[in-house]
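S.K.: quick one: sequence and predicted model below, then my questions.
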Amino acid sequence: MSHSLGIAIESLVAMLLIMTIGYCMLLNARLKRLKADENSLKATIAELITATEIAERAIGGLKHTVRDVNENLGNQLTAASQMSQQLKKQLAEGDNVYRRLSKIVLAARPAPETAAKPASPGMSSAKAVAAAAQAFSDRRRSDGLAA
C-alpha cells in the first residue's frame, strides 16, 4: 500500500504542477495584454497632455482677447457716455432756443383780425419776418422738429 500511496501522491503533485503551469500560462497571457494596454494607455496620456497644452495656450489667447475687448468696450462706453452728455446739453440748448423763438413769434404775432391777411408789399420787414416765423412754427411736427 505504501507503494500505491506514493504513486498517488506523486500523481497528485504532477497534476498540481500541470495545473500550476497552465495557470502561469494564463497569467502570462493576461500580463502581455496588460502590458499592451499599458503602452496604449501611455500613448493616450501623451495625446491628452498635448491636447491640454494646446487648450492652455488657447485659453491664454482668449484671456488676452477678452482683456483687449474689455479695454475697447470700456473706452467706447466712456466715449458714448460723454457723447450722451453732449447730446443732452445740445438738446437742452436747442429746446431753450426753440422756446425763445416761440416767445419772439408770439410777441410779434399780429392781432387776430390781421392774422388771416397775407403779407402785403407795404408791410414792414419785422412783420414779414414774424409772419414767416409764425408760418414755420405752425408747420412744426408733433415731435418738436420743423417740417
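M.R.: Right, received. Where do you want to start? Numbering: from 1, shown residues only.

S.K.: please make it C-alpha for all contacts and neighbour counts, starting now.
M.R.: Noted.

S.K.: what's the first helix or strand after the lowest-mean-pLDDT helix or strand in the chain?
M.R.: Least confident element among the helices and strands of the chain, by mean pLDDT, DSSP states H and E: helix 112-115 (a mean of 53). Scanning forward in sequence from helix 112-115, with DSSP states H and E defining helices and strands, the next element found is helix 125-138.

S.K.: packing partners of that next one?
M.R.: Based on contacts counted as 3 or more CA pairs under 8 Å, 6 or more residues apart in numbering; DSSP states H and E, the elements that helix 125-138 packs against are helix 2-108.

S.K.: so the helix it packs on versus helix 125-138, what angle?
M.R.: Using axes from the mean of the first three to the mean of the last three CA atoms, to 10 degrees, the interaxial angle of helix 2-108 with respect to helix 125-138 works out to 150 degrees.

S.K.: look at Ser2 and report its pLDDT.
M.R.: Ser2 is assigned a predicted lDDT (pLDDT) of 79.

S.K.: next one: it relative to Ile9, how far apart?
M.R.: For Ser2, the distance to Ile9 (CA to CA, to the nearest Å) stands at 10 Å.

S.K.: of the two, which one has the most company?
M.R.: Higher neighbour count among Ser2 and Ile9: Ile9, with 12 against 7, using other CA atoms under 10 Å.

S.K.: how close does the more buried one sit to His3?
M.R.: Counting by CA to CA, the separation of Ile9 from His3 is 10 Å.

S.K.: next one: Leu12
M.R.: The spacing between Leu12 and His3, counted by CA to CA, is 14 Å.
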